[in-house]
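A.B. asks: I'll drop the sequence and a predicted model, then ask my questions.
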Amino acid sequence: MERRTLPVAVAVAVTAALLLTACGGGDGNSRSSEKIPAADSGSSKASASPSASDAVAGIDRPAMPFPSDFEMVFDIAMPSDAKEAAALGDAENFVRAINYGVVRQDPENVAYKFYSTVGSTAQSYAKTQIKEYLDGGWTVTGVQRYSRGKVDLAADGRRASVSFCDDDSKFYGKEVKSKKILKTSPSDKDYYYFEIVMAASPEAEGLWTAENVKVQTRAIQCRA
């Protein structure tokens, strides 16, 4: 199932480009992030490769169990620097949370709000992605594989540009009511490049939240 670029994603990309330039990020095209696990919770499991941020003490993080027919794999080594590792881990969690909002069929789900800055374009982006899938009557199935993670930490240590690739070649849309899997032929459209501006939370030490997100479509540099 091909993704559709939403109007809000364009605005997000423009805003993110300014911040990412300051943090050392590159250019790219925007797209909607249709990454939504099945609405019927059924048998569930946690997403693969828990992030380093999950181990940060004193943070009551929302649980995000996924259905058994959907998996997010993060084949990304965590940086040795604690701040970089935390920023990367919570960027991964932000992407997980968008999927989880649709698992719950809830565009107001607490998970994406937990991992995004209040009132930010990243938070608006997440809500829009979730709502678009709900409005279409869709969910997803298969495997998303993330790789080639990179973190550029700002000089003040309070913001970071996090980037990684997304391989959706084994990831498919699925109609919620009929359970029909909407398979597509492999193509360059299966690859995306994420750039997410993360900010250290002033309220919870070790927590980072997404402020802006930009996604390059047809990211052929992300093919294996």
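C.D. replies: Sure thing, it's come through. Numbering: from 1, shown residues only.
A.B. asks: pull out the buried positions in the strand or helix carrying Phe74.
C.D. replies: Secondary structure from DSSP states H and E places Phe74 in strand 70-75. Judged by neighbour count (16 or more other Cβ atoms under 10 Å), strand 70-75 contains these buried residues: 70-72, 74. Backbone N, C-alpha and C define where each C-beta goes, glycine included.
A.B. asks: between the longest helix seen in the chain and strand 70-75, how big is the angle?
C.D. replies: If you go by DSSP state H, the chain has its longest helix at helix 82-103. Put simply, helix 82-103 runs at 170 degrees to strand 70-75, going by axes from the mean of the first three to the mean of the last three Cα atoms, to 10 degrees.
A.B. asks: so which bits of helix 82-103 are buried?
C.D. replies: For helix 82-103, a neighbour-count test (16+ other Cβ under 10 Å) marks 83-103 as buried.
A.B. asks: what is the mean pLDDT for that helix?
C.D. replies: Mean pLDDT, computed over helix 82-103, is 94.
A.B. asks: repeat for stretch 173-182
C.D. replies: For stretch 173-182, mean pLDDT rounds to 90.
A.B. asks: first-to-last residue distance for it?
C.D. replies: Distance across stretch 173-182, first residue to last, is 5 Å (Cα to Cα, to the nearest Å).
A.B. asks: Provide a list of residues in contact with Ser120.
C.D. replies: Contacts for Ser120 (Cβ atoms under 8 Å, 6 or more residues apart in numbering) come out as 209-212.
A.B. asks: related to what we said a few turns ago, tell me how far the strand holding Phe74 lies from the chain's centre.
C.D. replies: Relative to its chain's centre, strand 70-75 lies at 11 Å (Cα atoms, centre = their mean, to the nearest Å).
A.B. asks: which helices and strands sit right next to it?
C.D. replies: Applying 3 or more Cβ pairs under 8 Å, 6 or more residues apart in numbering; DSSP states H and E, we find strand 70-75 packed against helix 82-103, strand 138-153.
A.B. asks: closest one to Val162 among these?
C.D. replies: Smallest distance to Val162 across these (Cβ to Cβ): 3.9 Å, for helix 82-103.
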